[in-house]
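Novice: After the sequence you'll find the predicted model.
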Amino acid sequence: MDCLFCKIIAGEIPCTKVYEDDGVFAFRDINPQAPVHVLLVPKKHMRNILECDGETAAALTKAIGEVAKLEGVKEDGFRIVSNCGKHGCQSVEHLHIHLLGGKQLSEKMD
Ligand code: AMP
């Protein structure tokens, strides 16, 4: 499958890995929008949040906590975002959660 994030998970394209477990892979966004900007992706390919099953949702939720701890943003807080489809400006069609933090984020969401 010609999927950028599947290739990153497989080690075919380099990345800066932050965290990995059985179901989830997390790495630094190449174009960070905040001091901490990590992408969490399920190892199983799915296009977006609409295709996410319960097991994967649970794995992602656990991984968010682990990454927040590793990145030192648990105390002050962070934001998670998952863009979906055209209006959501999703540019990579493999479900991913952006985890942003390390500074005071804007109240604006769009
Ligand atoms: P989205 O626009 O929500 O689909 O997010 C895709 C994200 O992937 C963007 O924030 C990009 O900066 C990021 N991205 C694209 N290519 C790479 C790459 N090779 N390594 C890390 N992040 C990437």
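Specialist: Arrived safely, thanks for sending.

Novice: buried residues in stretch 92-110?
Specialist: Judged by neighbour count (16 or more other C-beta atoms under 10 Å), stretch 92-110 contains these buried residues: 94-101. Heads up, the C-betas are built off the backbone N, CA and C, glycines and all.

Novice: roughly how far apart are residue 95 and residue 74?
Specialist: Distance, residue 95 to residue 74, by C-beta to C-beta, to the nearest Å: 23 Å.

Novice: Pairing partners for the longest strand along the chain, with directions?
Specialist: Counting by DSSP state E, the longest strand found in the chain is strand 36-42. Applying DSSP bridges, strand 36-42 is found paired with strand 24-28 (antiparallel), strand 97-101 (antiparallel).

Novice: Not counting its own residues, what contacts the first one?
Specialist: Meaning strand 24-28. Outside of strand 24-28, the residues within contact range by C-beta atoms under 8 Å, 6 or more residues apart in numbering are 8-9, 15-20, 37-43, 59-60, 62-63, 67, 99.

Novice: Can you dump the C-alpha atoms of it in CSV for me?
Specialist: Extracted in CSV, the C-alpha atoms of strand 24-28 (Å, rounded to 0.1, in the frame of the first residue of the first chain):
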residue,chain,number,x,y,z
VAL,A,24,0.6,2.3,18.2
PHE,A,25,3.6,4.1,16.7
ALA,A,26,4.4,7.8,17.6
PHE,A,27,6.9,10.1,16.0
ARG,A,28,7.7,13.9,15.8
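
Novice: tell me the mean pLDDT over it?
Specialist: Mean pLDDT, strand 24-28: 98.
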